[in-house]
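Student: model the following, please.
(one chain, ligands or ions: 1)
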Amino acid sequence: MPTTYKRLKLMNASGCNCTTKDELIELYNCSACDMIVSKSCTIKSREGNPSPRYYETDTLSINSTGLRNKGLHYYLSLVKYFEEMNKASRQEKRYIISYADLENIKMFIAIVENHYIVHKIPMYFEINLSCPNIPGKGQIGYDFAETHNLLDTLFNGFKPGLITNNKINIGVKLPAYFDAPHFEAMSEILNNYPLTHITCINSLGNGFVFNDKVKQAVAGNDGYGGIGGSVIKPFGLSNVRRFRGLIRSEIAIYGCGGITCLNDVYEYELCGADVVQIGTELIREGINIFNKLKQ
Ligand code: RRO
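Tutor: A predicted model of the protein is given here:
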């Protein structure tokens, strides 16, 4: 590890300990956690897939959560709450809302715009293009034409000025790509938009894991689920590194996938990440993972 190591910003990965207000407050109150992101939400709250929804081994996690969340209004109501917490504690800890209800993107725009008109507080979003666990629905990030359409609708849908004046700030969470032309095709699309960041990578979709009783480890979606943990780190690193070489330098890259120790953070930094997100290890160790990495 070099002596010049510059600590990257740390945050949770969406989906990990961030569904309820109490969980988000715990993340906010952790001084080693620099930013926070909510569970991916839909316009209306969802119960998600049946349990068990999560299982882990030493090297991986599998989840089939199925977008279990409290609804967009719940997470929007926390914008003001965290703004007041920031003012009181004189910090600027960013609260990002992850949004995944892509069939209702126009409704999302209308609700968010209205929220800004009422509260006048800048907002940050991570649009999830890579939820792997909704039966019958693919990950939009693997459909380049659909991704292009969606981003056009999103960035052209807001009133002029809201995005250019940084009132509404939008990043995207991508699935892992495995083929060089796919990185190029996706970068060509992403470079058209004033994105704040891209997060690479979501869990690897459609894994299958047996539990210690040789039964499927998660119940939903016929046992298929998103794989996280240290087994996916090589793909997180490669995706960050590939995209860093292809997307505009103003778009930050949040690296995610398999981070358990400071050396992993350093590897993500070497590949070009500006921020790193902790997922499986946050669920495994709890909030102390941030203190451990900071030390
Ligand atoms: O809720 C989920 O099942 C889920 C989502 Br939205 C996601 O983006 N990634 C994941 O592993 N699970």
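Student: what parts of the stretch 1-150 of the chain come near the ligand?
Tutor: Selection of the stretch 1-150 of the chain residues close to the ligand by C-beta under 6 Å from any ligand atom yields 15, 40, 63-67, 100, 128, 130-133. For every residue, glycine as well, the C-beta is placed using N, CA and C.
Student: and the helices in this structure?
Tutor: Here the chain has its helices, by DSSP state H, at 21-29, 72-89, 105-119, 144-157, 180-190, 233-244, 262-271, 280-285, 288-294.
Student: export those to CSV and append columns for mean pLDDT.
Tutor: Output for the helices of the chain, formatted as CSV (pLDDT from 0 to 100):
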stretch, mean pLDDT
helix 21-29, 98
helix 72-89, 98
helix 105-119, 98
helix 144-157, 98
helix 180-190, 98
helix 233-244, 98
helix 262-271, 97
helix 280-285, 98
helix 288-294, 96
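Student: now render those helices as TSV, adding distance to residue 197 and mean neighbour count.
Tutor: Output for these, formatted as TSV (distance: least, C-beta to C-beta, whole Å; neighbours: other C-beta atoms under 10 Å):
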stretch	distance to residue 197	mean neighbour count
helix 21-29	18	17
helix 72-89	18	16
helix 105-119	17	15
helix 144-157	14	16
helix 180-190	10	16
helix 233-244	11	22
helix 262-271	14	18
helix 280-285	19	21
helix 288-294	19	17
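Student: dump the ones you listed into CSV; add distance to residue 174 as well.
Tutor: Formatted as CSV, the helices of the chain follow (distance: least, C-beta to C-beta, whole Å):
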stretch, distance to residue 174
helix 21-29, 22
helix 72-89, 21
helix 105-119, 17
helix 144-157, 9
helix 180-190, 7
helix 233-244, 7
helix 262-271, 15
helix 280-285, 18
helix 288-294, 23
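Student: what about residue 91, how many neighbours?
Tutor: Other residues within reach of residue 91, judged by other C-beta atoms under 10 Å, total 12.
Student: let me know the pLDDT of it.
Tutor: Looking at residue 91, its pLDDT is 94.
Student: got it, and the one 5 residues further on?
Tutor: The predicted structure scores residue 96 at 98 on the pLDDT scale.
Student: that one contacts residue 126, correct?
Tutor: Yes. Contact criterion C-beta atoms under 8 Å: residue 96 and residue 126 qualify, at 5.2 Å.
Student: give me the common contacts of those two.
Tutor: Jointly contacting residue 96 and residue 126 under the rule C-beta atoms under 8 Å, 6 or more residues apart in numbering are 37, 171.
Student: if we can go back for a sec, and the furthest pair within the residues of the stretch 1-150 of the chain next to the ligand?
Tutor: 64 and 128 (15.5 Å; C-beta to C-beta).
Student: if you count what's nearby, which of these two comes out ahead?
Tutor: residue 64 (29 against 26).
Student: so who does that one touch?
Tutor: Contacts for residue 64 (C-beta under 8 Å, 6+ apart) come out as 49, 53, 133, 218-221, 223-226.
Student: before we move on, what about residue 53?
Tutor: 63-66, 68, 218-220.
Student: so among these, which ones count as buried?
Tutor: With burial judged by 16 or more other C-beta atoms under 10 Å, the buried subset of the contacts of residue 53 is 63-66, 68, 218-220.
Student: which of those residues fall within strands?
Tutor: residue 63 (DSSP state E).
Student: which of the buried ones among the contacts of residue 53 lies closest to the ligand?
Tutor: residue 65 (3.4 Å; C-beta to the nearest ligand atom).
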